[in-house]
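Asks: Whatever this is, show me its structure:
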Amino acid sequence: MMIRYAFLTALLLMTTCGCSGPGAPQHAPATLPGQPMASARIILSDANEPGERLVFSGRVLDYRGQPLSKAAVVAYHADHSGLYNPPKAASRTPRLRAGAVTDHNGEFRFSTVRPGPY
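Replies: Next up, the predicted model:
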């Protein structure tokens, strides 16, 4: 049996995109070199969200292969049941979504639950 997991995307945007509202990328706080940015580690789902815990991380590089700091990474996915929203939800915007801003090493990390098959 082939299991397909819910669509998960990370979209690279510069933090100057002018996005606003829920799930929009957050601007990184000022930090000293060598200190991780708090916004580079994002919780997509709280502890009450049912499902197997999942952490995924990555590193954003520029065209020369150098770390890209303060880049926005947006992620969204389905819940453990394979649904982006509950049935008959008023909004079509995915419920489990968030944005992170990369640290000085271009790194980000999301904590969430494993998307369910659909």
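Asks: show me where the protein has strands.
Replies: Taking DSSP state E as the criterion, the chain contains strands spanning 9-14, 41-43, 53-59, 71-77, 96-101, 107-113.
Asks: What is the fifth one packed up against?
Replies: Spelled out, it's strand 96-101. Helices and strands in packing contact with strand 96-101 are listed as strand 41-43, strand 71-77, strand 107-113; criterion 3 or more Cβ pairs under 8 Å, 6 or more residues apart in numbering; DSSP states H and E. C-betas here are computed from N, CA, C, even on glycine.
Asks: So, low pLDDT: which residues of the protein?
Replies: For the chain, applying pLDDT under 70 flags the ranges 1-39.
Asks: rerun at 80
Replies: Scanning the chain for pLDDT under 80 picks out the ranges 1-40, 118.
Asks: Could I have the CA atoms of stretch 47-57 written out in PDB?
Replies: As requested, the backbone C-alpha atoms of stretch 47-57 are provided in PDB (Å, rounded to 0.1, in the frame of the first residue of the first chain):
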ATOM      1  CA  ALA A  47       1.200  20.000  22.600                       C
ATOM      2  CA  ASN A  48      -2.600  19.300  22.400                       C
ATOM      3  CA  GLU A  49      -2.500  18.500  18.600                       C
ATOM      4  CA  PRO A  50      -3.000  14.800  18.200                       C
ATOM      5  CA  GLY A  51      -0.400  12.800  16.200                       C
ATOM      6  CA  GLU A  52       3.200  11.700  16.100                       C
ATOM      7  CA  ARG A  53       5.600  14.500  16.900                       C
ATOM      8  CA  LEU A  54       7.800  15.600  14.100                       C
ATOM      9  CA  VAL A  55      10.700  18.100  13.800                       C
ATOM     10  CA  PHE A  56      12.100  19.200  10.500                       C
ATOM     11  CA  SER A  57      14.800  21.600   9.800                       C
END
